[in-house]
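Trainee: quick one: sequence and predicted model below, then my questions.
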Amino acid sequence: MTALTALVRPGRARTLAAFGLAAGLLLLAPAVLSPFRLDLLAKFLCLAMVAVGIGLAWGRGGLLTLGQGVYFGLGAYLMAMHLKLADAGPGGVPDFMLLYGTGQVPGWWEPLRSPVAAVLLVLLVPAALAALLGWAVFTRRVRGAYFAILSQALAAAFAILLVGQQQTTGGTNGLNGFRAFFGYDLADPVNKQMLYLIAAGVLLLMVAVVRLLTVSRFGELLVAVRDGEDRVRFLGYDPALVKVVAYVVAAVTAAVGGALFVPIVGIVSPADVGVVPSIGFLVGVAIGGRTSLLGPVLGSIAVSWAQTSISEQFPSGWIYLQGALFVLVVAFLPGGLASVAAARFRRRPEERIPA
Amino acid sequence: MRLRSPSRHAVTRLSTASLAAFCIVALAACGARVDGGGDGTSAAAESCVDTSGESVKVGFLNSLSGTMAISEQTVHDALQLAAEEINADGGVLGKQLEIVSEDGRSEPTVFAEKAGKLITSDCVAAVFGGWTSASRKAMLPVFEAQDSLLFYPVQYEGLESSPNIFYTGATTNQQIVPALDYLAEQGTESLFLVGSDYVFPRTANKIINAYAEAHGIEIVGEEYAPLGHTDFSTIVNKVKSAGADAVFNTLNGDSNVAFFKEYNNAGMSAGKMPVVSVSIAEEEIGGIGVENVEGQLTAWNYYQTVDLPANATFVEAFQARYGEDRPTSDPMEAAYTSLHLWRAMVEKAGSFAVDDVVAAADGVTFDAPEGEVVVNGENHHVAKTALIGKIGADGLIHTEWSSGEPIEPDPYLEGYDWADGLS
Amino acid sequence: MDIVAQLFAGLSLGSVLLLAALGLSLTFGQMGVINMAHGEFMMAGAYTAFLIQAVVGDAGVSLLLALPLGFVVGGLLGLLLEATLIRRMYRRPLDTLLVTWGVALVLQQVARDVFGAPNVDVRAPAWLSGAVEIGGLAWPRTRLFILALATACVVALALAMRATPLGRRIRAVVQNRDLAEASGISSRSTDRITFFLGSGLAGIAGVALTLLGSIGPTLGTNYIVDAFLVVVAGGIGQIKGTVIAATALGLMQAFLEYSTTASVAKVLVFVAIVAFLQLRPQGLVSVRTRSLA
């Protein structure tokens, strides 16, 4: 058992308290933050959703995925395409296609006109891709570094593909300039607040679901696969299946994060989905504590916040700080800051956390 | 001390309860709908610009980190210089400029975020900056929603005229079209198009294709390289075997270095097949290596070598401030000019309010380093003189051909018959 | 289409990829360390060439000086990284990927602060500019030079692995670390030397790249993803796999790019590698090891 399962496991009360506290703080935020800061917080919550999934797949399952940008991007682009079509009205053509495209809506955009289909596709397309890819890769026992590098190549290919299809994806410009979110005017601050609350609620839901998953039989198996895949196989389980499930869950959380990112931030572009942002998602997870439940969420929010506020003052100072913090935490504190917190509550000595 | 563990159901129950709370609050917090529901008028953004004190805030938004920092830092420097000059000269309407500087980190998303911060948190009177088309497109909705002002200093692909943006760089009819006119004048009969794979090159090449068709120039090839592409042997092979009279180059950034090194290594030169570039300015030449681009052509509206008194003053002030070895370039000059133009607009309007400034904009002039520029109040662009330059052994660009007089901006190319149906 | 010219373009691209990936495959194969800072070691090599040219002046002499010095600079950076961080993390190979990524970020910013954000220029010597005309085709001299350099590096490395005591020790550690240690080989010092060699090769690659492209803080990031793919597709532990994979990827990119576009070609190459790993999850050539992983 790892250090952080210990944090979660015996301390149901603690988990409960932390969850309640987080929910309370999130509900309070609109009252104390300016609309601009609230918007920023909402954006950080979206990025934290990606972190929740990475925490499950990487922290508990040992799947180092360097390509979550792909799923984040799929969710974001599907949502953005729907918003663009909705803005254009029934039968209308999004503005950028008139400028740079053929002036016709391509066939594969059409299903996204329906809001119901859009929501379903945001969930299903990334899940299907992750299932397909995960199945292909894990059953062939591609793992460890090979999987990491493959997922990174996937992110690179996805970004290049988006940039190259300018007529239908907006190219480097990406998609932006949305007026409404399912009919609600995005210029209205009240609706921005509503979006924040939705993001906060969804994030809490994700944390709750992942918590239930980790304490379930599946959660035990996932950790077992991480620590000794062959032993699990010899015991008669199929490790590939366990990994695929974890990978799909991570993909869906990333996609939902992306889908909410779009109306909140108002833009998605290939710069948000490539190799660098994909690794960027890991920074918060590693610093917060990959194997803990709340570590990835809090780490991700803290890193996003630090980046925004520190880079306002010292653009290059932030890069040094981020690099140094990342190196030090991963090298000397593999359990992340959560392991420091956990150690305070436990008497047992620190145990090794495998990569 | 050990707390009593509640049952797993308690965890689930609390989660459900707090989620339900969020749903209720979220639904209760609904605002205006766009489709006629509600009162329809979302609270129009109230400007929070404070002009009561001794100073007024303006925002500079450039990428100071990331891949674009290389170019945008120079624009930032030019803006700083202009602000210092204005402050030394008594400020704007008697108020000193207070600069709020933000880093766009070379990401469109960050540009959108920081634009929002500058407008709503810092309450700046106007924002200056942006470089890539993606960064401008990302900021545009923010400025329109908040009804604030952006001054964008870089040549771009046209097809845009937002009421909240002033474009002080060239639009296509002030850079690309004159370059084509020049090539046609030189008797060019065939062209090869090389560009980076993004919006500016693709749009530029669409225009070039339309122009070529109308003027009997043959386009023998059109190639795009992904941004950051490093191996140009295949593209240069294609260029070479196509045997065009000239190459029209819309590559961006580092790709130019790899392209020109490969071009020379393959035995090509300005003499054999000249390359006209629209994204290589003075500060890039050092990185490409003068020996690799000597004699090649560029199309801009300003060069450091422009022989005007205003330019002599600008170059001298810039080098005194930042160092003798620092060249000045077109986007820097356009940024420098943009701040001065804003000042002239504000002083003509007698007010910092966006509506007043926009209303006063038409016909505002500034004696810029490139020559006198005039603001077009209708499309928010600036009349500029087009200059074709040749890169010299000294690493500077020397004017080879000039349109003679400022060209009126025409972002949608409405005044050109051959451009029908482009936009 | 001009098959010979494209064949050469592909081989030449392959040789660039090979130079970038050779050192990487050495450290990855030997220690399972995924060094994301490898690209920044290349950058360090390129800046070494820049500094030497600034001091020496003559382009030809400075290139010949830069190759060995770039090797030393890259190697020393590698040693430093190994001694301070990687040494502590051999049991967590995946974490080395993250740590070295952080190091890469910092190194890039250091380069930006020391040399400035704009690219710098390294002049190619006169005997490398232009092209040689053979058989009606122009063969760029720099490309020929890099092809020769890559070949030389591969031959030297292969000889060192095969015929020297050091090479025997490295191969022994790759194949069975525990048994090698039991036979009296110090795996610690072997690791250190391997890391020095691998990082040094990155330095040489950096010097060579000054002949082809831009020299700036982000030089390494442009190559690192491709270099990793070469290593993964080639399989770990043997030079042969890396050589074949680099050549194949170079040729594939060149021919696909000729018949489609550069963007499409790049995406197709990535997809092809994913598909290829379905067939051979351990890459093209893999050494049998005793480890279960």
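Mentor: Great, that's in hand.
Trainee: name the nearest residue to whichever residue of chain C sits closest to chain B, sequence neighbours excluded.
Mentor: Distance from chain B to each residue of chain C (Cβ to the nearest Cβ) is smallest for C:N119, at 2.8 Å. Using the backbone N, CA and C atoms, a C-beta is placed for each residue, glycine as well. Distances taken as Cβ to Cβ, 6 or more residues apart in numbering or on different chains put B:G287 closest to C:N119, at 2.8 Å, once the chain neighbours are dropped.
Trainee: the one you found touches B:F260, doesn't it?
Mentor: No - in this structure, B:G287 is not within contact of B:F260 by Cβ atoms under 8 Å, at 10.4 Å.
Trainee: between these two, which one's more packed in?
Mentor: Neighbours around B:G287 and B:F260, counted as other Cβ atoms under 10 Å in any protein chain shown, are more numerous at B:F260. The numbers are 24 against 19.
Trainee: the closest residue to B:A179 other than its chain neighbours in helix, strand or coil?
Mentor: Distances taken as Cβ to Cβ, 6+ apart put B:A299 closest to B:A179, at 3.8 Å, once the chain neighbours are dropped. Each residue gets one of three states, and B:A299 gets strand by DSSP: H, G, I helix; E, B strand; the rest coil.
Trainee: spit out the contact partners of B:A299.
Mentor: B:175-176, B:178-179, B:182, B:276-278, B:386-389 (Cβ atoms under 8 Å, 6 or more residues apart in numbering or on different chains).
Trainee: ok, now C:F270?
Mentor: By Cβ under 8 Å, 6+ apart, the neighbours of C:F270 are A:153-154, A:156-157, C:229.
Trainee: all strands for the stretch 301-423 of chain B, in order.
Mentor: Using DSSP state E, counting those that start in this stretch, the strands assigned to the stretch 301-423 of chain B run over residues B:365-368, B:371-375, B:382-383, B:387-391, B:397-402.
Trainee: want to throw those strands into CSV with distance to B:E98 and mean neighbour count?
Mentor: Listed next are the strands of the stretch 301-423 of chain B as CSV, based on distance: least, Cβ to Cβ, whole Å; neighbours: other Cβ atoms under 10 Å in any protein chain shown:
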stretch, distance to B:E98, mean neighbour count
strand B:365-368, 22, 18
strand B:371-375, 24, 20
strand B:382-383, 26, 23
strand B:387-391, 35, 24
strand B:397-402, 35, 18
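Trainee: among those, which is nearest chain C?
Mentor: strand B:387-391 (13.5 Å).
Trainee: show me what that closest one is packed against.
Mentor: If contacts are counted by 3 or more Cβ pairs under 8 Å, 6 or more residues apart in numbering or on different chains; DSSP states H and E, strand B:387-391 sits against helix B:172-185, strand B:297-300, strand B:397-402.
Trainee: include mean pLDDT when you put those into a markdown table, please.
Mentor: Formatted as a markdown table, the entries for the helices and strands packed on strand B:387-391 read as follows, by pLDDT from 0 to 100:
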| stretch | mean pLDDT |
| --- | --- |
| helix B:172-185 | 96 |
| strand B:297-300 | 97 |
| strand B:397-402 | 96 |
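Trainee: please work out which of the ones you listed is packed deepest.
Mentor: Burial among those, expressed as mean neighbours by mean count of other Cβ atoms under 10 Å in any protein chain shown, is greatest for strand B:297-300, which shows a mean of 28.
Trainee: quick one: strands adjacent to that strand?
Mentor: Sheet pairing for strand B:297-300, assigned by DSSP bridges, gives strand B:275-277 (parallel), strand B:387-391 (antiparallel).
Trainee: and the longest one, average pLDDT?
Mentor: It stands for strand B:387-391. Strand B:387-391 shows a mean pLDDT of 97.
Trainee: try stretch B:49-65
Mentor: 91.
Trainee: which neighbouring elements make contact with the biggest helix by length in chain C?
Mentor: For chain C, the helix that runs over the most residues, judged by DSSP state H, is helix C:3-31. The criterion is 3+ Cβ pairs under 8 Å, 6+ apart, and the helices and strands that helix C:3-31 contacts are helix B:233-242, helix C:38-56, strand C:137-140, helix C:141-163, helix C:165-175, helix C:187-209, helix C:221-234, helix C:239-259.
Trainee: what residues sit buried inside the first one?
Mentor: The reference is to helix B:233-242. B:233-240, B:242 (16 or more other Cβ atoms under 10 Å in any protein chain shown).
Trainee: which of these come close to chain C?
Mentor: Restricting the buried residues of helix B:233-242 to those near chain C by Cβ under 8 Å from any Cβ of the partner chain leaves B:233-235, B:237-238, B:240.
Trainee: redo those residues as JSON lines? Include distance to A:A306.
Mentor: As requested, those are exported to JSON lines (distance: Cβ to Cβ, whole Å):
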{"residue": "B:S233", "distance to A:A306": "43"}
{"residue": "B:T234", "distance to A:A306": "43"}
{"residue": "B:I235", "distance to A:A306": "42"}
{"residue": "B:N237", "distance to A:A306": "48"}
{"residue": "B:K238", "distance to A:A306": "47"}
{"residue": "B:K240", "distance to A:A306": "51"}
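Trainee: of those, which are in range of chain A?
Mentor: When Cβ under 8 Å from any Cβ is applied, no member of those is adjacent to chain A.
Trainee: quick check, nearest of those to B:S133?
Mentor: Sorting these by how near they are to B:S133, with Cβ to Cβ, puts B:I235 at the top with 22.1 Å.
Trainee: any idea how far that closest one is from C:L249?
Mentor: Here B:I235 is placed at a distance of 18 Å from C:L249 (Cβ to Cβ, to the nearest Å).
Trainee: do the same with B:V290
Mentor: Look at B:V290 and C:L249: by Cβ to Cβ, they are 34 Å apart.
Trainee: who are the contact partners of B:T385?
Mentor: B:T385 is in contact with B:301, B:370-371, B:402-407, counting by Cβ under 8 Å, 6+ apart.
Trainee: one step back: between the helices and strands packed on strand B:387-391, which gets nearest to C:S187?
Mentor: The closest approach between C:S187 and any of the helices and strands packed on strand B:387-391, judged by Cβ to Cβ, belongs to strand B:297-300 at 57.3 Å.
Trainee: A:A286 versus the spatially closest residue to B:S65 that is not a sequence neighbour, what's the distance?
Mentor: Distances taken as Cβ to Cβ, 6+ apart put A:P315 closest to B:S65, at 4.7 Å, once the chain neighbours are dropped. Counting by Cβ to Cβ, the gap between A:P315 and A:A286 amounts to 23 Å.
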